[in-house]
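In: Give me a 3D structure for the following:
(one chain, ligands or ions: 2)
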Amino acid sequence: MKSKGFGKKALDLLFPPRCQGCGKLIDRDDGLCGACLAKYGDEQRESCPVCGRTARECSCGAAALGSSFIGNRRYCAMTFYNEYNADSERITEKLIFRLKRKNSSSLTDFFAREAAAEIMRLMQLSEERPEEWIITWPPRTPRAVLEYGYDQSEAVARRISYYTGIPWKKMLVRTGGREQKGLGAEEREANVSTLALLRRKEADRKRFILFDDVITTGATVREAADLLYGAGAEAVFPVCIAKTLLKEKTDDEGVFV
Ligand SMILES: [Zn+2]
Ligand SMILES: [Zn+2]
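Out: Numbering: from 1, shown residues only. Ligands and ions are numbered 1, 2, ... in the order given. Below is the predicted model:
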């Protein structure tokens, strides 16, 4: 909004900022109230039942996710994730559910700031140069975009770019997959979309941060990474808000269970 006098302040009066976790009114539109932020912090400090490390430090299932490194990491996650549930007691799950349903700029920004800080921390530790990387994402399925009207991974990825200064580029598209409405059960089953590369030539010898909001089985991230590597990408480093908790030990090639 360009016109003076009807800027952010006036909008705050009309739509006072609320906590994205509990709905309570908050002073600054920075995502969460103090209590929810503390809860989120607690969840980030939970340890992986397999390796005992926090989500930021845990490398379980890493080999299945990628072969590129930033420092000693093959992917970056900030917290663990058990299930996709709006009524979860866990604030991370509640927020991710909301991120997929409500196109909220304050929630998008909250997660983008979190991811940006972690990416920059890893890059500084390992003396990577942010300007040599490109941020991209596996797009949401066309039918989910149709249903909710936006792509949450794209929204967060573009804000990560804003906070880190790492440029973003839409490299991937989804093909196939129609609207579910009017399809029978079997048709629904077969109605899957696949990823395809949008700018084959622009992947050659490039380094990518691949942002996906959650990593569950890891299949989407692997599919996207394979496409980018197939077009000559030098590195593909997955970044997510939360990854599914591993319930049992896997070997180095292990996938998430
Ligand atoms: Zn709250
Ligand atoms: Zn672990």
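
In: could you measure Asp212 against Ile160, distance?
Out: Computed as Cβ to Cβ, to the nearest Å, the Asp212 to Ile160 distance reads 12 Å. C-beta: built from backbone N, CA, C; applies to glycine.

In: Who has more neighbours out of those two?
Out: With neighbours defined as other Cβ atoms under 10 Å, Asp212 and Ile160 compare such that Ile160 has more, 27 against 23.

In: And the more buried one, how far from Glu147?
Out: Distance, Ile160 to Glu147, using Cβ to Cβ: 24 Å.

In: okay, and the common contacts of Asp212 and Ile160?
Out: Residues touching both Asp212 and Ile160 (Cβ atoms under 8 Å, 6 or more residues apart in numbering): Val239.

In: count of residues packed around the residue nearest to Arg207 when sequence neighbours are not counted?
Out: Leaving aside its sequence neighbours, Arg207 sits nearest to Ala235 (Cβ to Cβ, 6 or more residues apart in numbering; 4.1 Å). Neighbour count of Ala235, defined by other Cβ under 10 Å: 21.

In: Phi, psi for Ala235 please.
Out: phi -150, psi 140 (degrees, to the nearest 10).

In: so what secondary structure elements neighbour the helix or strand Leu195 falls within?
Out: Leu195 belongs to strand 194-197 when assigned by DSSP states H and E. For strand 194-197, the elements it packs on are strand 172-175, helix 219-230, judged by 3 or more Cβ pairs under 8 Å, 6 or more residues apart in numbering; DSSP states H and E.

In: Show me what the helix or strand following that strand is packed against.
Out: Sequence order places strand 207-215 as the next helix or strand after strand 194-197, per DSSP H and E. Helices and strands touching strand 207-215, by 3+ Cβ pairs under 8 Å, 6+ apart, are helix 91-101, helix 105-125, strand 133-136, helix 152-164, helix 219-230, strand 235-244.
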